[in-house]
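Trainee: My questions are about this predicted structure, shown below with the sequence.
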There are 6 protein chains.
Amino acid sequence: MTTRRMDHMTWPQFAACKDKPVIVPIGSTEQHSQHLPMGVDAMLAQHIAEDVAERIDGVVMPTLCYGYKSKPASGGGPLFPGTIDMNGVTVINLMHDVLSELVADGFTKILVMNAHFENEAFIVEAIDLVTRETNGAATIVETNWWDPLPQAVVDQVFDGLSFPGWALEHAAVTETSLMMHYEPELVHMDRVIDKGNAEAKTYVRYPVKPGDVPDYGGLASPAGSSAERGKLMADACVEAVASICEREFGPNVA
Amino acid sequence: MTTRRMDHMTWPQFAACKDKPVIVPIGSTEQHSQHLPMGVDAMLAQHIAEDVAERIDGVVMPTLCYGYKSKPASGGGPLFPGTIDMNGVTVINLMHDVLSELVADGFTKILVMNAHFENEAFIVEAIDLVTRETNGAATIVETNWWDPLPQAVVDQVFDGLSFPGWALEHAAVTETSLMMHYEPELVHMDRVIDKGNAEAKTYVRYPVKPGDVPDYGGLASPAGSSAERGKLMADACVEAVASICEREFGPNVA
Amino acid sequence: MTTRRMDHMTWPQFAACKDKPVIVPIGSTEQHSQHLPMGVDAMLAQHIAEDVAERIDGVVMPTLCYGYKSKPASGGGPLFPGTIDMNGVTVINLMHDVLSELVADGFTKILVMNAHFENEAFIVEAIDLVTRETNGAATIVETNWWDPLPQAVVDQVFDGLSFPGWALEHAAVTETSLMMHYEPELVHMDRVIDKGNAEAKTYVRYPVKPGDVPDYGGLASPAGSSAERGKLMADACVEAVASICEREFGPNVA
Amino acid sequence: MTTRRMDHMTWPQFAACKDKPVIVPIGSTEQHSQHLPMGVDAMLAQHIAEDVAERIDGVVMPTLCYGYKSKPASGGGPLFPGTIDMNGVTVINLMHDVLSELVADGFTKILVMNAHFENEAFIVEAIDLVTRETNGAATIVETNWWDPLPQAVVDQVFDGLSFPGWALEHAAVTETSLMMHYEPELVHMDRVIDKGNAEAKTYVRYPVKPGDVPDYGGLASPAGSSAERGKLMADACVEAVASICEREFGPNVA
Amino acid sequence: MTTRRMDHMTWPQFAACKDKPVIVPIGSTEQHSQHLPMGVDAMLAQHIAEDVAERIDGVVMPTLCYGYKSKPASGGGPLFPGTIDMNGVTVINLMHDVLSELVADGFTKILVMNAHFENEAFIVEAIDLVTRETNGAATIVETNWWDPLPQAVVDQVFDGLSFPGWALEHAAVTETSLMMHYEPELVHMDRVIDKGNAEAKTYVRYPVKPGDVPDYGGLASPAGSSAERGKLMADACVEAVASICEREFGPNVA
Amino acid sequence: MTTRRMDHMTWPQFAACKDKPVIVPIGSTEQHSQHLPMGVDAMLAQHIAEDVAERIDGVVMPTLCYGYKSKPASGGGPLFPGTIDMNGVTVINLMHDVLSELVADGFTKILVMNAHFENEAFIVEAIDLVTRETNGAATIVETNWWDPLPQAVVDQVFDGLSFPGWALEHAAVTETSLMMHYEPELVHMDRVIDKGNAEAKTYVRYPVKPGDVPDYGGLASPAGSSAERGKLMADACVEAVASICEREFGPNVA
């Protein structure tokens, strides 16, 4: 098996991949309650990207591990130590430069695999800027791992459980299950604190205050999480993303 | 009745309002299909802001009429003439400066009333920056007009109709009805083109291509729109926002 | 009569105007003494733009209501509540993005109608940047409403009065008269404070101190203002600007 | 006589000057017709600054030799080789950093001596930003050399000549005379081209075209220039600026 | 053994480390000749950071995998596919935000471990900005892995070999040996191309041209590289950095 | 002899030089111990640039007198009054704009002559940006004056003295000797403080503390400096740079 990781390749190996899709994973470094590590978003972005690359014969770039500011409404929140918030301009520039360089190197099929909701607007701004500057030389697709999941799969994942809505799915069933699938040794189910589900706010208020996110760091219960549910999602996500790539990058892909 | 519009006040009148909530409306200038004018988002932001101000004894700032880039997935799209897309940094800086100046003038209760989905991440970035710079001297709330609408009201608005989801609600029933309520002379129901609902994409792809948004400019049918449905939403929105203000700005408000 | 306001048009209406001149009004939000509202500059920019559009068959974009920092030497000053000062970079970017989008939409005759002196250098920087980036694809003209007024008209406006010089004409005879012409209900002549004329400074000093602008907010007497004088200026300005447009945009205009 | 030039001092000498006014000269590098060199603005800023320093016991910083974009309406214009135009942001940042460092070093009396009209708005933006960031720790004065000249002096300088207005005074009588006073060997009166006075435009138009500035580079006749007229202006300017410094920096100065 | 990787910790684990040194590794993604992968700099930064953390009881942040533009004079060069060059502002902002957040979280002992020469000026700019903004709240140390190596160790590493100077040490003996020590399976000695040493340029010339770096991508011979030499350097580097930390962070460290 | 200084030329003179090399000197304004003035770097950059211009028939632009932040490790340090530190972005933009304008004016052979080590990374960033934007329309060379000096010359300069390494050569033998050669009246050998050589640090630590640079401001002894040694270096530097220009700008040069 050949490696999928670009940073494990020599430059002639990478140069030989110009017609393949190249995947840029982006996550974040933020608190994920008491039972998950702070690298969850970066790790999920990278693992899913590697699985997608395997499925569509693609290449995976080094993961952008730091993301845009974590917001309470999405389950993070800046008041927890270890939540490392990038400014919006930083995320735009960082993604801009990575994409620009890939386009300059001749890659024309680029997939940004995002695992941190708050990143999305800034990623897309970068994609728009690069597209303008390069006259649309490359097709650039961006997706969050959860967006293309078929409803049927979500239903299956929450079989016997109740889905609190994606807004509260921070360190809850989906992320915990995916981590049990991909990085079981970093999941500490014995430390789970479960105070039921918080209520999703319909607005934003600053300054953020203690209590906007429950003090242990979670928004919804991870109870019932399992590696099987994680695998279910991972497989479905890879299949859905592969199908997006086929549609957008052309029939030879996937 | 005293004016609610800050730009209609003299400075001593405005100076006397320091303890009141001040509302910053922000919209966009973008295509709204064949039957609605390009100022829809700016007009709705301003009208709702004025109604809210009347309800909570607040003041309305001049409306920011230009917004962040319109995206196909939200029904706009850069390929239509008249869609005037600001860069992300521009929106951040513009909102930053307006908010900074209000805080410097001693206002501590600020509501940003948004009517263009794509603005939100950049507005919130500005709020975060101002909050950091001023050490949280003001409570700043941001909401989209649709977010705090109770589900019961949405059901009532779509009584006899089918709700396509907010992502497709561009120049469709909700915006058309609100415009029939607030600006009836600018609504041209005779020009409505109705090709049913587009499909919401689960990902982003650049460059944007003709056809990403149906060529007439709409994503979902405006059929069944009425001033009554518009009023229903407007009233419910005002009530919901007033209640948010009371919660966040203190009992004396609303 | 067809509308001149772009935000009142549908996109097909606007698309049909590509060969017409398009006018971008820009004002400010700043204190205008005790008898005028804070929206004076934005309102004058918009009214004159609409009159010019009527005269030359042009289109008026939504007004940029917030402008560059108000300076004491021009009669404003940051120490009055309600003066909302944008940073220079913000004004440059905002104007840049609006102009860029118009050029991208195929408009080639663009007029920026400015009503706030302090904006000008930053507007022109934006015009220069857009011109470089687009290789001069559009002819872009910028003028302040007072600059093209013939001396004879200024003399006539100040018939029986004494002209203090443009530097002191803040909330004084010209702006007050124009507001009496365009927005009479927003002028409060009963609140006029008239302490004669301040002295124009020949230099800039920071920090700005209380007293740099007289504490009521005016720099010169508005005594003698009238709607007639306002109309005189408005008509002459429209004629002068129309003539500039004819010279720069070609014989088919105006 | 002690040196006035900061760059000629050792740091202990400069450290001993903290209570003195420090002067930052700023000019430009731009075409000055056929008979004057491109460094006119920078040289005049520096010479006048040195004379002022001598008069008020001040210190002169190294001259900022590159300025904001030269505009046709002020007699320069970007189409001539040798006109080196800085972007607005560059001028703001450059002046910002110089002023910030002086304030950080404990200087509280700072004079910016400008000799290039187009610089002014960007200089003042920098002054405003530094003043905000440092809470007004220093008094910062900015003036153009021509602004504080008494009318009587201007009349005397143009005795027997006709004053075309400051807008056309580019490479004309005032600058030529000042250069004859300060740098006679760099003035080439034998190369003077004199086509009379151009007409001052009342607006700005982009793109700039050949002919916006007469092709030899001047806007008004330098005929009649003399070192005597130059000295008259220089002396009056120094006196006027010294008097401004006394007013703003306190009685011990000048 | 407890983990040293911050992204493997939960937030309460990280919160408990506030008094410990925290290490931020930064590398690059660039061509490393035919026998080394493109992630060399990022991997070395991370491995050495982890070894240092183990030695001084510190914590390792996620590695910044993308760095400043690779320059021919340092052995990289932008003309090779896979060299992903960030703009200077991007590197400054990225490092700025990471450091700011660590300081905001209360960490006061921060070490930036750099493995890509070209990063250094931009890292230090970020450190300077954060130090100013936070009034020096944290002690921030930056070092390249090669700088603190004692000369005796360099001599030992090159025992029997000839040291070409650090400027040419790109994909040569030091990096190859370190990779053989840390990531042996990613080193392909069978693909080594050895054309002897290039000559170090004493200046910079743009545009970069093919041939500025030999076409296979190396600047000096990796012949003689071994895991033993790698370990020698790694151990000496860890010891030297630990000693720097002890000196700068206080006696309790290391 | 014709002048080499561009600011002493009229624009037609400069326009006639388009095929010649144009040299942009950049220095700094920073403390140089007790016996040298703060303008050392700017003066050396300019003098050497003028000598090189004489040698290769080139033109010298006005010197950029302010440079990037002075660092203790290079002998300067921000804690001394008179060290005027520009931010990195300021230096990048300033150099960018000067180079852009030269390329726009048609110059294709540009040499940046640097005399302040800390500037280099930011200068090169500007060169890279301009090269990308102009598609490599000009050949741009950058060098520090010390880099191309042959080792034999360095040995000769330090004949009878001991060379402390370039990192400590701040206000020491090389700069002092060059100043004795070029600006003898600004060298105060009677004020020399000589405490031997400081130790070069192998890392960077912030905040900078008093004592990081010896309190008098020097890092190594200037004892033994002489105009002769200065001339030796100046001549060798000019010859080496002329030879670089010949190699990079083509055989007609030098």
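Mentor: Right, received. Where do you want to start?
Trainee: and the residue of chain A found nearest chain C, what does it touch?
Mentor: Across chain A, the shortest distance to chain C (Cβ to the nearest Cβ) belongs to A:R132, at 9.3 Å. Quick note: C-beta positions are derived from backbone N, CA and C, even for glycine. Listed by Cβ atoms under 8 Å, 6 or more residues apart in numbering or on different chains, the contact set of A:R132 is empty.
Trainee: just A:V60 next, same as before
Mentor: A:V60 sits in contact with A:R4, A:R5, A:M6, A:V22, A:I23, A:P25, A:Q46, A:A49, A:E50, A:A53, where contact means Cβ under 8 Å, 6+ apart.
Trainee: Spatially, which two of these are the most separated?
Mentor: Using Cβ to Cβ, these span at most 13.9 Å, a distance reached by A:V22 and A:Q46.
Trainee: buried ones in stretch A:131-148?
Mentor: Neighbour-count burial for stretch A:131-148 flags A:T131, A:A138, A:T139, A:I140, A:V141, A:E142, A:T143, A:N144, A:W145, A:W146, A:D147, A:P148 (criterion: 16 or more other Cβ atoms under 10 Å in any protein chain shown).
Trainee: Among the residues you listed, name the ones in strands.
Mentor: In this view, the buried residues of stretch A:131-148 that belong to strands under DSSP state E are A:T139, A:I140, A:V141, A:E142, A:T143, A:N144.
Trainee: Surely the second one and A:I110 touch.
Mentor: Yes - here A:I140 lies in contact with A:I110, judged by Cβ atoms under 8 Å, at a distance of 4.7 Å.
Trainee: which neighbours do these two share?
Mentor: With contacts taken as Cβ under 8 Å, 6+ apart, A:I140 and A:I110 have A:L99 as neighbours in common.
Trainee: mind checking the SS state of A:L99?
Mentor: helix (DSSP: H, G, I helix; E, B strand; the rest coil).
Trainee: on that earlier part again, export the ones in strands among the buried residues of stretch A:131-148 to a markdown table and tack on pLDDT?
Mentor: As requested, those are arranged in a markdown table below (pLDDT from 0 to 100):
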| residue | pLDDT |
| --- | --- |
| A:T139 | 98 |
| A:I140 | 98 |
| A:V141 | 98 |
| A:E142 | 98 |
| A:T143 | 98 |
| A:N144 | 98 |
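Trainee: picking up where we left off before, which of the contacts of A:V60 fall in strands?
Mentor: If you go by DSSP E, the contacts of A:V60 have A:V22, A:I23, A:P25 in strands.
Trainee: List buried residues within the residues you listed.
Mentor: By 16+ other Cβ under 10 Å, these give A:V22, A:I23, A:P25 as buried.
Trainee: is it true that the first one touches A:G58?
Mentor: Yes - applying Cβ under 8 Å, one finds A:V22 in contact with A:G58, separated by 6.4 Å.
Trainee: any common contacting residues for these two?
Mentor: A:L111.
Trainee: The one helix or strand A:G230 maps to vs chain B: in contact?
Mentor: Here A:G230 is covered by helix A:227-249, with elements defined by DSSP states H and E. Yes - Helix A:227-249 comes into contact with chain B (Cβ under 8 Å from any Cβ of the partner chain), by way of A:A240, A:I244, A:E248.
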